[in-house]
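Student: Make a model of this:
(2 chains)
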Amino acid sequence: MTDITPDKQTPRAESPLREAWGMFLRNHAAVAALVVLVLICFTAVLGPWLYPTDPFEMVWAPFSPPGDNGFLLGTDYLGRDLLAMIINGARVSLLIGLAAALVSIFIGVTVGALAGFYRGWVEEVLMRITEFFQVLPTLLFSMVLVALFGASLPMITFAIGVVSWTAVARITRAEFLRIRELEFVMASRASGVPNAKLMFGVILPNALPPIIVQSALMVGSAILFEAGLSFLGLTDPNVVSWGQIIGSNRQYILDASYTVTLPGLAIFITVLAISLVGDGLNDALNPKLRQR
Amino acid sequence: MALLEVENLRIELSTRDGTAPVIDDLSFHLDAGETLSFVGESGCGKSMTALALMGLLPERIGRIASGAIRFDGEDLTKASPARLREIRGNDISMIFQEPMTSLNPVFTIGEQIAEVLRAHQGLSRQAAWDHAVELIDAVRIPNPKGRAGDYPFQMSGGQRQRAMIAMALACKPKILIADEPTTALDVTVQAQIFDLLRDLRAQTGTSIILITHDMGAVAEMAERMIVMYAGRKAELGPVAQIINHARHPYTQGLISCVPHLHDVLTEDRPELFEVPGIVPSLRDFGRDECLFASRCAHVTDQCRSARPPEKSFEGGQIADCWHAEAM
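Tutor: Next up is the predicted model:
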């Protein structure tokens, strides 16, 4: 017999993560959206230093149209620089979007995991609670929360997160119900893995792909939700957000439509980019769609 | 004292028609370093016995109604869930039928083996990984260092079953339960896996409980065998003795079902033997009669009116049949 060199004989196959990234790159719309999203995040983080105008300061006469008097996007009804407002607003909108999505993922994954893993009365109780939150009018409920406990950023984040976790909980539970019956879970039990580890160390990693996709889409809807709340005036008056710019300029929509259109466009582009990235993630992480 | 003693074990499953005893009054023992084989058709309670030993009966559906499972003198039916978790994977471990699905697809096999070592033996991350690589080498997967970083989907069925065996043997368990470990594999790979199990047993002194319906595997691997039928023991004893002279008509049927290869193939090929009929439904499992009566060629009125008693023969052979002496 000849000796076989102990080197790697089989070609190195790709790790699942790398393979998913390859799938993501094949979706051109998603890649373009990701670039846009990175630019928006870049603006939100560095913008206030690159364009240091105070968004609350009255820098010119009201309703200076875009491009005139040295203001790229013009001024609003109080003569504030609209470009500075949109740049600063990006911070709050993205921050609230991400934080609210995190809150709802945390609640949703916990509830869904417990319900799907333990079954029985735990599942009954948790799913009835989930259904209760599902039938609640979400905007109304979060308005009540913000109105009652004050319009601070943490409270707004919490109010958005607390009304939007139900979808995550249902997806997580469905995945847990499917995966807990698979043989490798039984094999893990048979090697003495305790329940908490079984839930979050064995089953959850296998349930992640649809949860990740849902989470990406949720960031978008949280941004929309925040815009809706601040349009209605339920926002921290000391910070600028895109919804708030639209809300405060809404009486002048006929005289100076750009004061409403431009921040609206910012919301539109951001949410669209997030949705496209979410769609790309879905393609990349869902093995059933890989054959396309 | 035997390593494992099971006494009058009765396991009940709740079904829509009420509770059914899937294991009815089963007693056996397992010595250290011995291989004991469970044989029988599907649905005869082989896997249920294995799950009961591991404390993994399906929640809310299956329960141990009576009897004792004594492991090293400790009654596992009365042990706390925490104690059972300690025993599982450490003292008793198990490999499953489907190597394709019994490894976690999102972790590399090295990580999965190392995880068991860290959980049960408190090894550091690096030590556990090094030991995992040694184990992968021990189950004869070539290039263990490189393969430890592979995901299950990158391996063949035989290699996955080897990885499962490495994981099951990681903590040097006293008992390894192999639930049809080769059913899903090629014949050539089956032989390799059995070779591996035999060698590992010789090295580590682990007792093996082999669950199978492959008589050839039993003859090759085990010293003693238990033939199960409809949740009851049909026959128990040394493998060679039972294959030479089975005392239970069901065992005789199973043995004659093994097809033989003929070197000359003619038009009139020999008819394959079968045991006529099917296993009775769960509803009928607890009845006070011989449950094999409806399929038995030697049936008499006595068989239909009372459950057959255990009859002992020389050499430790036991058969539960009214007509065992006459067989």
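
Student: number of nearby residues for B:Cys44?
Tutor: Around B:Cys44 there are 24 other residues, counting by other CB atoms under 10 Å in any protein chain shown. C-betas here are computed from N, CA, C, even on glycine.

Student: ugh, wrong one, I meant B:Ile61
Tutor: Counted with other CB under 10 Å, B:Ile61 comes out at 11.

Student: B:Ile11 is in contact with that one, correct?
Tutor: No. Between B:Ile61 and B:Ile11 there is no contact under CB atoms under 8 Å: 10.6 Å.

Student: The longest helix anywhere in chain A packs against which elements?
Tutor: Of all segments of type helix in chain A, defined using DSSP state H, the longest is helix A:82-118. For helix A:82-118, the packing partners by 3 or more CB pairs under 8 Å, 6 or more residues apart in numbering or on different chains; DSSP states H and E come out as helix A:28-50, helix A:120-135, helix A:153-163, helix A:166-179, helix A:204-231, helix A:242-249, helix A:258-285.

Student: And what about B:Ser27, helix, strand or coil?
Tutor: Following DSSP: H, G, I helix; E, B strand; the rest coil, we place B:Ser27 in the strand state.

Student: ah, wrong one, I meant B:Lys172
Tutor: coil.

Student: Could you find the closest non-adjacent residue to A:Val202?
Tutor: Nearest non-adjacent residue to A:Val202, counting by CB to CB, 6 or more residues apart in numbering or on different chains: A:Ser188, 4.9 Å away.

Student: That neighbour: what's it in contact with?
Tutor: By CB atoms under 8 Å, 6 or more residues apart in numbering or on different chains, the contact list for A:Ser188 reads A:Leu198, A:Val202, B:Asn104.

Student: repeat for A:Val146
Tutor: With contact taken as CB under 8 Å, 6+ apart, A:Val146 is in contact with A:Met155, A:Ile156, A:Ala159, A:Leu229, A:Leu234.

Student: Equivalent analysis for B:Glu134, please.
Tutor: B:Glu134 neighbours (CB under 8 Å, 6+ apart): B:Pro144.

Student: can you rerun that using 10 Å?
Tutor: B:Ile113, B:Pro144, B:Ala148, B:Ala166, B:Ala170 (CB atoms under 10 Å, 6 or more residues apart in numbering or on different chains).

Student: Now the closest residue to B:Leu84 other than its chain neighbours: phi and psi?
Tutor: Nearest-residue entry for B:Leu84: B:Gly55, 4.0 Å, with adjacent residues in sequence omitted and distances by CB to CB, 6+ apart. When read as degrees, to the nearest 10, the backbone of B:Gly55 gives phi 70, psi 30.

Student: same check, this time on A:Arg18
Tutor: The phi/psi pair for A:Arg18 (degrees, to the nearest 10) reads phi -60, psi -40.

Student: How much space separates it from A:Leu25?
Tutor: A:Arg18 is 11 Å from A:Leu25, where distance means CB to CB, to the nearest Å.

Student: These two: which is more packed in?
Tutor: Regarding A:Arg18 and A:Leu25, a neighbour count based on other CB under 10 Å identifies A:Leu25 as having more, with 13 against 10.

Student: number of nearby residues for the nearest residue to that one once chain neighbours are set aside?
Tutor: Once flanking residues are discounted, A:Leu25 sits nearest to A:Val31: 6.2 Å by CB to CB, 6+ apart. A:Val31: 15 surrounding residues under other CB under 10 Å.

Student: mind listing what A:Val31 touches?
Tutor: A:Val31 neighbours (CB under 10 Å, 6+ apart): A:Phe24, A:Leu25, A:Leu276, A:Val277, A:Gly280.

Student: Then A:Gly120?
Tutor: So A:Gly120 contacts B:Glu59, B:Arg60 (CB under 10 Å, 6+ apart).

Student: Also A:Ala32?
Tutor: By CB under 10 Å, 6+ apart, A:Ala32 lies in contact with A:Ala273, A:Leu276, A:Val277, A:Gly280.

Student: Over to A:Asn27?
Tutor: With CB under 10 Å, 6+ apart, A:Asn27 has these contacts: A:Ala33, A:Leu34, A:Leu276, A:Val277, A:Asp279, A:Gly280, A:Leu281, A:Asn282, A:Asp283, A:Ala284.

Student: Next, format those as JSON lines and append neighbour count, pLDDT and distance to chain B.
Tutor: Shown next, in JSON lines, are the contacts of A:Asn27 (neighbours: other CB atoms under 10 Å in any protein chain shown; pLDDT from 0 to 100; distance: CB to the nearest CB, whole Å):
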{"residue": "A:Ala33", "neighbour count": "21", "pLDDT": "93", "distance to chain B": "27"}
{"residue": "A:Leu34", "neighbour count": "19", "pLDDT": "93", "distance to chain B": "24"}
{"residue": "A:Leu276", "neighbour count": "21", "pLDDT": "91", "distance to chain B": "26"}
{"residue": "A:Val277", "neighbour count": "25", "pLDDT": "91", "distance to chain B": "22"}
{"residue": "A:Asp279", "neighbour count": "17", "pLDDT": "85", "distance to chain B": "23"}
{"residue": "A:Gly280", "neighbour count": "24", "pLDDT": "88", "distance to chain B": "20"}
{"residue": "A:Leu281", "neighbour count": "24", "pLDDT": "87", "distance to chain B": "16"}
{"residue": "A:Asn282", "neighbour count": "20", "pLDDT": "83", "distance to chain B": "18"}
{"residue": "A:Asp283", "neighbour count": "17", "pLDDT": "81", "distance to chain B": "19"}
{"residue": "A:Ala284", "neighbour count": "24", "pLDDT": "83", "distance to chain B": "15"}
